[in-house]
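Q: I would like the atomic coordinates for the input below:
(one chain, ligands or ions: 3)
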Amino acid sequence: MTSNFISFIHRDRIIEVENPDPNETLLNYIRTKLKKTGTKEGCAEGGCGACTVVLGELKNNNINYRAINSCITLLPTLEGKQLILVEDLISKDGDLHPVQEAMVKCHGSQCGFCTPGFVMALFSMFKKYSNFKEDVIKDSISGNLCRCTGYKPIIKAAKSLKNQKKIDHFSKNMENTIKLLQKINNRSIKIYTNDKRYFAPRYVQELKEILKKNINTNFLSGGTDLSLNITKERKDINSIIYMNSINELNYIKNNNKYIEIGASTPLIDLEYYIKKYYPDFTKILKRYGSPQIRNVGTVAGNIATASPIGDCLPLLLSLNAQVVLQDLKKTYLLFLDSFFISYRKTKIKKNQFIRSIRIPLYKKNTFKAYKVSKRFDDDISSICAAFNLEIVKNKIENVRIAYGGMAAIPKRAIFCEKVLLKSLINEETINKAKDALEKDFKPISDMRASGLYRMEVAKNLLEKCCVEIKKKKIIGLYT
Ligand SMILES: Cc1cc2nc3c(=O)[nH]c(=O)nc-3n(C[C@H](O)[C@H](O)[C@H](O)COP(=O)(O)OP(=O)(O)OC[C@H]3O[C@@H](n4cnc5c(N)ncnc54)[C@H](O)[C@@H]3O)c2cc1C
Ligand code: FES
Ligand code: FES
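A: Ligands and ions are numbered 1, 2, ... in the order given. Here you go, the predicted structure:
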């Protein structure tokens, strides 16, 4: 069944919006059409958390709650979901939600501009975790900025939640919400307005049919890159195919040789899954944007964006990942090594989309990755480095090293790898390998770092990796 209207659940009601503007942000809709002004706009680019709302989605007959940035979420993607705003937290009897209560008691607010965003980020934490440890709290609010209260009272409020019963009016009403979500959860969407088109297929076969007739279209996954064309660059996106509506592409599989990640799998799922295999991959993902970003953003979007500072990319290059591309007729397997052509240009052709990503599993190797950015949380990398080494008796038998932020594309350090291969890890080898990085890269200076700094840090990260492997312990504070 295909429809030209979207339906979502808000306050126990099904709301339908006919022919919504495909470029309208959810934030704009909430403030101007729903007339709920608790949700604020700070940056309009996913960076401050003032616009945080929570979406409830059906997952295995349960509801999965996720905090998102409504400023970069396009309204039609709300189809089939439950929308929860800060105004909805108070119970029908007028009782504050435990999260709100805690913020009041711990003085977690001053001017109040950031407060609804914090409350919603903490609400999402409250629903998702059973135990609010310091690292869970800090991660949950890492996408929210406060300029006046400071974070200590907010963290204190979050910690105090551990004494609260987890039952709130959302859990009491869960059965009813599930029934409503089931009612609205099986349609494909096609919206044609005067100048724009929006498609949300449910199956790959349907996607192919749409592609046949709409060559110049934009794939939208999490929208954490694409939507900024609308909110920051004030451009129109006239034709959109929403990929995250295709459940068939939302999976992580493992056949003992490689992990395969479907294109519409959110980064947050990968973050949990991959920890067992590559803990440093998870370490980098924890510092990738914020939970609001990782709840919707995808590896496929990161690869297709092809930014030289895309955080997954050096990691995937060093692990020798493959991209599964698909067009109307067949699928193609491409090594990421040959995927990036030049600055933000890839080998994806018209009518092709990323279907999945395959990450090989190396049973004998050591994998290490580091991100260096001006701010620890929610910041884009100045440099990101990944090292994948097979070491036997202190000798490097296999090596793949890749850096982000050192060239126009994320790139392997081939000369450096040559020095390291079949060498013993010692001071002489490390120094030669550091020198070889000068042949591999000529980094530029920009607002994030100077070329000189980048080169110095790239060398230091290589040394850090080797020293950590030798000493079997982590050196330094953060990375
Ligand atoms: C506040 C903020 C913080 C961020 N922090 C980081 C960070 O720390 N590290 C980092 O690397 N990035 C960061 N980003 C950038 C962004 O989150 C990532 O690049 C993300 O992975 C993009 O994925 P997406 O699913 O949101 O892609 P989208 O925005 O939906 O799409 C991005 C591009 O990929 C194309 N595309 C999407 N899916 C497919 C597909 N299946 N096949 C073909 N093309 C496709 C789209 O057409 C578009 O051109 C941040 C962004 C914001 C707004
Ligand atoms: S307004 Fe800043 S994250 Fe949305
Ligand atoms: S309370 Fe003023 S910005 Fe946080």
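Q: helices along the stretch 1-150 of the chain, start to end?
A: Per DSSP state H, counting those that start in this stretch, the stretch 1-150 of the chain carries helices over the ranges 26-28, 98-105, 115-128, 134-140.
Q: check contacts around the residue in the stretch 251-400 of the chain positioned nearest to ligand 2.
A: For the stretch 251-400 of the chain and ligand 2, the shortest gap (CB to the nearest ligand atom) falls at residue 292, measuring 7.2 Å. C-betas here are computed from N, CA, C, even on glycine. Neighbour list for residue 292: 46, 49, 52, 67, 68, 69, 121, 143 [criterion: CB atoms under 8 Å, 6 or more residues apart in numbering].
Q: before we move on, what about residue 443?
A: With CB under 8 Å, 6+ apart, residue 443 has these contacts: 405, 406, 407, 449, 451, 454, 455, 458.
Q: do the same with residue 329
A: Contacts of residue 329 (CB under 8 Å, 6+ apart): none.
Q: and the contacts of residue 292, which two are the farthest apart?
A: Farthest-apart pair in these is 46 and 121; separation 13.0 Å (CB to CB).
Q: mutual contacts of the two, please.
A: With CB under 8 Å, 6+ apart as the test, residue 46 and residue 121 both reach 143, 292.
Q: related to what we said a few turns ago, among the contacts of residue 292, which ones are in strands?
A: 52, 67, 68, 69 (DSSP state E).
Q: in which helix or strand would I find residue 417?
A: Using DSSP states H and E, residue 417 falls within helix 414-420.
Q: which residues sit against that helix?
A: So helix 414-420 is contacted by 389, 396, 399-401, 429, 432-434, 436-437, 439-440, 462 (CB under 8 Å, 6+ apart).
Q: which pair in the contacts of residue 443 has the greatest spatial separation?
A: 407 and 449 (13.4 Å).
Q: follow-up on the earlier one: buried among the contacts of residue 443? Make that a PyMOL selection.
A: In PyMOL, a selection of the buried entries from the contacts of residue 443 looks like this (16 or more other CB atoms under 10 Å):
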select buried, resi 405+406+407+449+454+455+458
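Q: residue 54 and residue 67 touch, don't they?
A: Yes: counting by CB atoms under 8 Å, residue 54 does reach residue 67; the two are 5.4 Å apart.
Q: pick out the residue nearest the middle of this structure.
A: Residue closest to the average C-alpha location in the chain (CA atoms, centre = their mean): residue 294, at 2.7 Å.
Q: follow-up on the earlier one: and what about the residue of the stretch 251-400 of the chain closest to ligand 2, helix, strand or coil?
A: Reduced to three states with DSSP: H, G, I helix; E, B strand; the rest coil, the structure at residue 292 is helix.
Q: find the nearest non-adjacent residue to residue 305, please.
A: What sits nearest to residue 305 in space, not counting adjacent residues and going by CB to CB, 6 or more residues apart in numbering, is residue 225, at 4.8 Å.
Q: just residue 3 next, same as before
A: In this structure, residue 3 finds its nearest non-sequential neighbour in residue 187, 5.1 Å apart by CB to CB, 6+ apart.
Q: is it true that that neighbour touches residue 16?
A: No: using CB under 8 Å, residue 187 makes no contact with residue 16, being 11.2 Å away.
Q: among the two, which residue is more densely surrounded?
A: Ranked by neighbour count (other CB atoms under 10 Å), residue 187 and residue 16 place residue 187 first, with 17 against 12.
Q: so how far is ligand 1 from the more buried one?
A: Separation of residue 187 from ligand 1 (CB to the nearest ligand atom, to the nearest Å) stands at 21 Å.
Q: start at 657, not 1
A: Got it, first residue is 657 now, which makes that one residue 843.
Q: quick one: that residue and ligand 2, what's the gap?
A: 28 Å.
Q: now the contacts of residue 1099 in JSON lines, with secondary structure?
A: Output for the contacts of residue 1099, formatted as JSON lines (three-state DSSP):
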{"residue": "1061", "secondary structure": "coil"}
{"residue": "1062", "secondary structure": "coil"}
{"residue": "1063", "secondary structure": "coil"}
{"residue": "1105", "secondary structure": "strand"}
{"residue": "1107", "secondary structure": "helix"}
{"residue": "1110", "secondary structure": "helix"}
{"residue": "1111", "secondary structure": "helix"}
{"residue": "1114", "secondary structure": "helix"}
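Q: thanks a lot, catch you later.
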